[in-house]
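[1] sharing a sequence plus its predicted fold:
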Amino acid sequence: MPKVIVIGGGAAGMMAAISARNHGADVTLLERNSRVGKKILATGNGRCNYTNINLSINNYHGKNSKFPYSCLCQFSVEETIYFFERLGITPVVEENGKVFPQSFQSSSILDVLRFELEYLNVEVITEAYVVDIEKRDYFIITLKDGRKIRGDKIILATGGKAAPNTGSDGNGYKLAERLGHTIENIFPGLVQLKLEGNFFKKVSGVKIVGVAELYHDNRLLKRDKGDILFTDYGISGPPILQLSRTALELINCGKEAELKVSIIPHKSPKELYEYLQYRFSFMPMKTIEVGLIGFINKRLIIPILKEVEIDRNKKIAHLSVDEVKRLCNILTDMRFKVTGSKSWDDAQVTAGGVKTDEINNSTMESKLVRGLYFAGEIVDVDGDCGGFNLQWAWSSGYVAGKNAALH
C-alpha cells in the first residue's frame, strides 16, 4: 500500500485524497489552515456552483488549452454529479447550466467532503505549512514547525494566489520550482477590470443589464452579457469577469485591450435613433435630462450627456440630428481602455501556473519527477466563471489521486 501525501486541503486536494484512498493508498492530507476547504465556502456567492452541465474544452485556458481534456473525460460532469449525490448532495441546475446543491449552501459541499475523508480514515493534518520537499527513493516533506513527513507519492494541490485570505499565497509554485518545474506567468483571473477615464466615479454603484465586448486592434475577441456594475475604478459583474483573463493576457504582453459596453444592447444605433425620435415626439418641451428618465438608469443620464457634450437643460425639440446620433452611439457603444485589474484579493482564480508540457495529462504525474502529481489551480489551467474551475479541481484531483495510488 503506497503512502500518498496530498499537500493542500482545498477542492482538488480533498478530491485527490478521497480518490487515492478509494484506490487503495494510505493517505495523509496536509492543510496549512486550521481547517480544510476554506475557499469552497466562498464559491458561488456562498451557494457553491460546483459544476456546469454545459462544460466544453473551450471553457478552459492556458498555454495548452486542450490539456484538461483527458482529466475531464476520466471524471466527467455526470460522474461529478453522481459522486456528490452519493455523498448526499441533491443537484439543482440553474441558468447557463450551473449546478448547485439544493441547499444552496457551500458548506454542504464542504461538509460531505469532510465526512468522507473521516469515513475513509484519511489522516488530515491542519496548520501544516510545507516549506520543502526532498526527493529520494521516496519523498521527505519538511513543515514550517520543523516536522518531517515521509511519503512514497506526493500530490501538489496547493492552489494559486487568488483569494489569499483563504491561504493561497503561491507557495506551491515555489515547491514545484525547487523540484525542477517551470511556472508559466501567473496573473489574476476572473477579476474586476480597471479602466481609463474620469467617468466611473460619477456612476459608481450603477448596475445595468448589458453586453460587454473585448477588442484588440478593432478585432472582437470575446463577448458576454448580463449584470454589469460600474465602480469607482472601472467595471465589474459576471460578463466582465469572463473577459478579464483575455484582457490581462493582452496587457501582460504589452498589447492594448479595449472594452465596449452596450447599455442598450438589443438595438443598433440606427434602430435606437428611430426609437428615440418616436419617444421624443411625446415630450418636445422637456429637457433631454428629464426625457431620458425611465429609459436608462437615472444616475447615468448626466455623465453620459457630458460625455457626448449635450447640455442637460436643452429642450428635446432643439436637439440636432447629430446630437441624437451621438447619444445613440454612446448608449450602444461605450469604449474604454483597460489599464489593469483589481488585486489577488479580489480574483476568483489564478491564470498561469505549472507548465503543462511537464505533466502527463492522462495521469497528472510529473514528467520530471517520478511519483510527483499535480491537481487543481496550481497547474496552468483556468476556467471560465460558472463552475468550470471547480470541475477542473474535481477531475484533476480524481485522476491524480487514482494514479498516485495505483502506479
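    That came in fine, so what should we check first? Numbering: from 1, shown residues only.
[2] just the helices in the chain please.
    11-22, 69-74, 77-87, 106-119, 171-178, 200-203, 238-252, 269-280, 288-291, 298-307, 321-332, 388-406 (DSSP state H).
[3] which residues touch Arg147?
    Ala128 (Cβ atoms under 8 Å, 6 or more residues apart in numbering). Heads up, the C-betas are built off the backbone N, CA and C, glycines and all.
[4] ok so, going back, tell me the most buried of the helices of the chain?
    Highest mean neighbour count of the helices of the chain: helix 11-22, a mean of 29 (counted as mean count of other Cβ atoms under 10 Å).
[5] for Lys3, see how far away the nearest residue to Thr142 once chain neighbours are set aside is.
    Distances taken as Cβ to Cβ, 6 or more residues apart in numbering place Asp132 nearest to Thr142, at 4.2 Å, with adjacent residues excluded. Distance of Asp132 to Lys3, given as Cβ to Cβ, to the nearest Å: 18 Å.
[6] tell me which of these two has more neighbours.
    A direct count of neighbours by other Cβ atoms under 10 Å for Asp132 and Lys3 places Lys3 higher, at 17 against 13.
[7] report the beta-bridge partners for that one.
    Asp26 (DSSP bridges).
[8] mind checking pLDDT for it?
    pLDDT recorded at Lys3 is 98.
[9] now do the contacts for it.
    So Lys3 contacts 25-26, 28, 150-153 (Cβ under 8 Å, 6+ apart).
[10] quick one: the longest strand that the chain contains to helix 238-252, angle?
    For the chain, the strand reaching the highest residue count under DSSP state E is reported as strand 219-230. Relative orientation of strand 219-230 and helix 238-252, computed by axes from the mean of the first three to the mean of the last three Cα atoms, to 10 degrees: 130 degrees.
[11] what strands line up against strand 219-230, and which way round?
    strand 207-216 (antiparallel), strand 234-236 (antiparallel).
[12] of those, which is nearest Asp346?
    Ranking these by proximity to Asp346 (Cβ to Cβ) places strand 234-236 first, at 8.8 Å.
[13] who touches the closest one?
    Contacts of strand 234-236 (Cβ under 8 Å, 6+ apart): 192-195, 200, 212, 228-229, 259, 261, 336, 338-339.
[14] out of the residues you listed, the closest to Ala317 would be?
    Proximity of these to Ala317 was ranked by Cβ to Cβ; the top entry is Val261 with 29.7 Å.
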